[in-house]
Every structure is written in structure tokens, then in C-alpha cells.
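Trainee: Sequence and predicted structure, then a few things I'm wondering about:
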Amino acid sequence: MIDTPHALDQLSDQIGGAVLAIDALFGVKGQVAIVTGAASGLGLAMAGGMAQNGATVLMIDIDAKALEAAAAPLRAGGGAVETAALDVADTAALRGAIDSMAARHGRLDTVFANAGMSS
């Protein structure tokens, strides 16, 4: 395991103190995010990572059952997770979910558009 504070101190010493804390650069605590394709794979990993690090996350997926199964452990772990089962190809439904999330939380900071579409 890497001792992150120590490693950052060493790196900072090597480049003259110009290293910012990773949290300051990439932290999501308090942010509002949407992740599509969130029931599995990379979408679930991204939604889970953001929720575990303090973001409020709207998980979107076409598979309602898989979506709820994916969201349940995140909620049980204290994550602020909401879900919307919809097809991202349905522009009106997607727009409604985005607008609703932004209205409930006053803003939207991040969208991770992970869902794939095929014709």
C-alpha cells in the first residue's frame, strides 16, 4: 500500500512544492452527478466511487431491476443515490431526468455519459 501523504510530500519536494492535494483537484464531495449506464461495469464503478466520496448521484440505466440491485448496496453504505430507469435514446425521458435532478439539487456538476446506444 502506498503512503499517499508521504508520497505526495516526496513528489512535492522533488518539484518545488507545486503539488495540490488530489481531493482539491478531483474531489466530488458535495457535488451533484448523473451517471448513465450505471447498473454495471464502468458506469457502476463511477457511480459507486462518486457516491462513496460524497457526491449525490443519479444512476440511470435501461434495466430497472439491475439498476435497483446496483444502487441498494451504495445506499446501504450511506451513499446519496437516486435512480431513474430509462432508455437514454428517449430524449424526452433523459431531459426530464436531468432537469428534475438539477431542480431538486439546485445544480448539476458532473455528467458521466457511459450508456451505449446501437441502432
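Mentor: Structure's in. What do you need?
Trainee: what's the model's confidence in the top helix by length along the chain, averaged?
Mentor: The single longest helix within the chain, with elements called by DSSP state H, is helix 91-105. What helix 91-105 shows for mean pLDDT is 96.
Trainee: What residues of it count as buried?
Mentor: Along helix 91-105, the positions that meet the burial threshold by neighbour count (16 or more other C-beta atoms under 10 Å) are L94, A97, I98, M101, H105. Where you see a C-beta, it was placed from the backbone N, CA and C, and this is true even at glycine.
Trainee: The last one reaches T56, doesn't it?
Mentor: What that stands for is H105. Yes - between H105 and T56 a contact is recorded at 6.2 Å, counting by C-beta atoms under 8 Å.
Trainee: Quick check: neighbours shared by those two?
Mentor: Contact with both H105 and T56 is made by residues V32, according to C-beta atoms under 8 Å, 6 or more residues apart in numbering.
Trainee: Please enumerate the helices of this structure.
Mentor: Taking DSSP H to define them, one finds helices in the chain at 4-14, 22-26, 41-52, 64-76, 91-105.
Trainee: what's the last one in contact with?
Mentor: Contacts to helix 91-105, defined as C-beta under 8 Å, 6+ apart, come from residues V32, I34, T56, L58, I60, E82, A84, L86, D87, V88, L108, V111.
Trainee: Can you get me a residue count around the residue nearest to A85 when sequence neighbours are not counted?
Mentor: Taking C-beta to C-beta, 6 or more residues apart in numbering, and ignoring the residues beside it in sequence, A85 has A64 as its nearest neighbour in space, at 3.5 Å. Close neighbours of A64, defined as other C-beta atoms under 10 Å, add up to 13.
Trainee: Relative to N53, how far out is I60?
Mentor: Applying C-beta to C-beta, to the nearest Å, the value for I60 to N53 is 19 Å.
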